[in-house]
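*Asks:* mind looking at a prediction? Sequence and model below.
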Amino acid sequence: MLELDVTNAEHLESLAGRVGEHVDRLDGVVHGIAFAPGTAMGGNFLSTSWDDVSTAVHVSTYSLKALALATLPLMKEHGGALVGMDFDASLAWPVYDWMGVAKAGMESAARYLARELGPDNIHCNAVSARALRTLSSSVIKNFGDMLKIADEHAGKLQIAKLNVDENPHTSASFGVQGIPLLVFFRNGVESGRVVGAVPKAQIEAAIRQYLG
């Protein structure tokens with residue numbers, strides 16, 4: 001185990017040499033780093049100071065590029081992969097605030113890194129597994145309620161996610177005008193909708209009403 005503070009230039013500059021004392025190459029690197037001060041989340045979007053925003057962006061966004069450069073000497077000759085752990089940045093999640101902005105920036109940085117590192121056969125991707133019970137997800141309003149509902153109805157409902165940015169024609173065909181949006185189908189026919197990040201009780205009521 002090696003110490004690495006991605007905001008510390010000395011740590012980054014020495015990383016390849018320190019890792020090289022144990023292995024002669026890296027085939028891949030996983031970036032699972034994110035942080036935002038408490039004032040940058042929790043519904044404080046409009047009042048967050050630049051100092052706190054810059055911290056969130058530095059640690060959660062710029063660090064992907066910083067880590068890529070720090071480990072490049074161990075991958076450049078034979079190629080490799082850089083994977084950033086992402087969260088759905090296509091939505092304005094309640095109380096996620098500037099961390100959501102930072103994650104969106106990380107996604108964009110991953111695309112630029114893929115362009116820049118591709119000629120060296122180094123792939124860069126951002127991966128969002130799904131909604132998981134993690135410390136970071138715990139700050140999202142009603143997130144725990146959504147997980148409980150998913151557990152309670154496991155095997156009874158089929159859930160599909162639509163990325164409205166990547167599928168504009170599909171979104172238009174379903175009349176999606178705002179997100180988040182839950183659309184319920186029963187026997188292949190739409191039976192109802194719930195718009196916005198709503199409490200658990202309202203989602204459960206909608207399930208009973210539209211799918212019961």
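*Replies:* Cool, the structure landed.
*Asks:* any idea how far Arg193 lies from Gly80?
*Replies:* Arg193 sits 45 Å away from Gly80, going by Cβ to Cβ, to the nearest Å. Backbone N, C-alpha and C define where each C-beta goes, glycine included.
*Asks:* mind checking which of the two has more residues around it?
*Replies:* Taking neighbours as other Cβ atoms under 10 Å, Arg193 and Gly80 compare with Gly80 leading, 21 against 14.
*Asks:* nearest residue to the most centrally placed residue in the chain in space, please, no chain neighbours.
*Replies:* Taking Cα atoms, centre = their mean, the centroid of the chain lies closest to Phe87, which sits 1.3 Å from it. Distances taken as Cβ to Cβ, 6 or more residues apart in numbering put Lys103 closest to Phe87, at 5.0 Å, once the chain neighbours are dropped.
*Asks:* how many other residues sit next to the one you found?
*Replies:* With other Cβ under 10 Å as criterion, Lys103 counts 26.
*Asks:* rewinding a little: pLDDT value on the residue nearest to the centre of the chain, please?
*Replies:* Model confidence at Phe87, given as pLDDT, is 79.
*Asks:* go on, Tyr210?
*Replies:* 80.
*Asks:* go on, Leu74?
*Replies:* Leu74 carries a pLDDT value of 97.
*Asks:* what's the answer for Ala16, then?
*Replies:* According to the model, Ala16 scores 97 on pLDDT.
*Asks:* before we move on, what about Gly196?
*Replies:* If you check Gly196, the pLDDT there is 74.
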